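In: kindly generate the corresponding structure for this input.
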Amino acid sequence: MKQKQFSMPDASIILLCVAVIAYMATVFITPGVFNAEPDSHTVQLSQYQAVNDQQSPPVFAQGGEIGLANVLFEGLVSGDKYGAAIGVMAFILITGGAFGIIMKTGAINNGIMALINKTQRVEWLFIPLLFLLFSLGGAVFGMGEEAIAFCIVLLPIMQQLGYDAKVTVLTTYVPTQIGFATSWMNPFSIAIAQSIAEIPVFSGAGFRMLAWACFTLVGLVFTMRYAKRIKTQPQKTGDQPTIKLSLADALTLLVFVLGIAWVVWGVMARQYYIPELAAQFFCIGLISAIIAIVFKKLTANECADAFKHGAQELLPAALLVALAKGIVLLLGGSDLTTPSTLNTLLYYCANSIASVPDYIAAWGMLVFQSVFNFFVSSGSGQAAITMPLMSPLGDLLNVSRQIVVLAFQLGDGLTNILIPTSASLIGCLGVVKLDWGEWAAFIWRFALALFVLASGFIFLAYFINYQ
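Out: Numbers count the residues shown, from 1 in each chain. Prediction:
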């Protein structure tokens, strides 16, 4: 009898298991509280005190209380429009809908194809421009799975120019993950992580832009050196079909670029937060829909369907945020000055590594997130599972929450170019007919170099007190 191949459980299954473990922890672990000074932004381990008169939550609670069976609902209705879970969920669904419209118009894909057509005969410019474009795609809107389609398109072009399948993956998928790992405004990873960590969404953008530039440059140098080394005599094959960028595509791309600039300006100059950001992305999607309707690329109903489909695609991420918030509530909440089981867990976690220098603790978070990504390669899933614990743990270890989020980003994104549990990577390797073992033997040194660079940025962030 043929055995079924093991597959990693879905992030929601993992979170449900975590909820059961959290409930058991409330039964067997004594709650605690940190007696911090009023209005103090720092908490010391010496301020911890056990509280013995607290009752553990029931399996099923009534009257609006929290219980094991209530974690999802209570997580769904917790917070307000400025944070988890209601505000973050609304932001995710609206932004997902907006991007659903933009992607449905085909403008971004057509823009990339037009660039390929224009630059493939200017070889010194071809790979750098593509690498930069895909890295921006990862940084701005979390491009990842889309790279599979471009691998299919680019493979014959790369072979025609004398390059191999590895160059195809290096030029498409790898830069999307570099951009993803160093993003300053990806609404589907950093926005979720920062919201759960209770810091302003898209804050700290300047440092992340610097990281993006450095990592992208390193990735491009590696790709160009490899491409130059293995380049063979160009093959003479049939011309690739030419795609012309229509006026509608050009206008949609212009709206998209100006819209992203508006979002960045709003965050950095006006301190826009979740409500404003959601409205901005909605406007970008709405204007893109109007352009598509006017130029008869899409009907109004097709735009509505695209919005609903885009929101539907991100509904699992929104539910993960709610479930993660419910688990925090089950453990007693994230307020260090209120008795909770979470405080006790944080105390013992922090106390076990209290003798380690703070900057090593920050680096340890990067190591943890890198390893954890093997099991949960979904950015939103990893944020939902790890951020509720890592954020307050950072407070106890004198590691700012901004650095905690940075460690999550780098650990989550960079390892995606190597781990076999990344569906996008396996998809890209499949369409270019590359075995994962062959790819791993080729890419591991580069992945290690990126990890060393990531470690350097974590240390730099700590020593400049990145907030």
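
In: just give me the residue right at the centre of this structure.
Out: S189 (2.7 Å; C-alpha atoms, centre = their mean).

In: so what's it closest to, chain neighbours aside?
Out: G379 (3.7 Å; C-beta to C-beta, 6 or more residues apart in numbering). C-beta here means a position set from N, CA and C on the backbone, and glycine is covered the same way.

In: burial measure for that neighbour, as a count.
Out: G379: 26 surrounding residues under other C-beta atoms under 10 Å.

In: cool, L16 as well?
Out: Neighbour number of L16 under other C-beta under 10 Å is 16.

In: do L245 as well
Out: L245 - counted by other C-beta under 10 Å - has 16 other residues nearby.

In: would you confirm that the residue nearest to the centre of the chain contacts G142?
Out: Yes. With contact defined as C-beta atoms under 8 Å, S189 counts as touching G142 (6.1 Å).

In: joint contacts of the two?
Out: Counting by C-beta atoms under 8 Å, 6 or more residues apart in numbering, the common neighbours of S189 and G142 are F180, S183, G379.

In: next step: the residues you listed restricted to helices.
Out: Members of the shared contacts of S189 and G142 lying in helices (criterion: DSSP state H): F180, G379.

In: output the shared contacts of S189 and G142 as CSV; include the columns distance to V71 and pLDDT.
Out: Output for these, formatted as CSV (distance: C-beta to C-beta, whole Å; pLDDT from 0 to 100):
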residue, distance to V71, pLDDT
F180, 29, 94
S183, 29, 94
G379, 22, 82
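
In: measure Y462 to P187 for me?
Out: In this view, Y462 and P187 are 27 Å apart by C-beta to C-beta, to the nearest Å.

In: wait, F141
Out: Applying C-beta to C-beta, one obtains 7 Å for the distance of F141 from P187.

In: equivalent analysis for S340, please.
Out: Going from S340 to P187 by C-beta to C-beta gives 30 Å.

In: low-confidence ranges, the chain, go.
Out: Residue ranges of the chain with pLDDT under 70: 1-6, 8, 37-43, 84, 120, 233-243.

In: quick one, strands of the stretch 1-150 of the chain?
Out: 32-34, 48-50 (DSSP state E, counting those that start in this stretch).

In: starting at the chain centroid, how far to the first one?
Out: Going back to what we said before, that points to strand 32-34. 32 Å (C-alpha atoms, centre = their mean, to the nearest Å).

In: now swap in stretch 176-189 and tell me
Out: Using C-alpha atoms, centre = their mean, the offset of stretch 176-189 from its chain centre is 6 Å.

In: next one: stretch 271-287
Out: 19 Å.

In: pull the residues that contact that stretch.
Out: 81-83, 87-88, 90-91, 94-95, 97-102, 187, 191, 195, 200-202, 255-256, 259-260, 262-263, 266-267, 270, 307.

In: just the buried residues of those.
Out: 83, 87-88, 91, 94-95, 97-102, 187, 191, 195, 200-202, 255-256, 259-260, 263, 266-267, 307 (16 or more other C-beta atoms under 10 Å).

In: so where do the helices sit in the stretch 201-350 of the chain?
Out: Listed in chain order, the helices of the stretch 201-350 of the chain (DSSP state H, counting those that start in this stretch) span 205-230, 247-270, 274-294, 300-330, 341-352.
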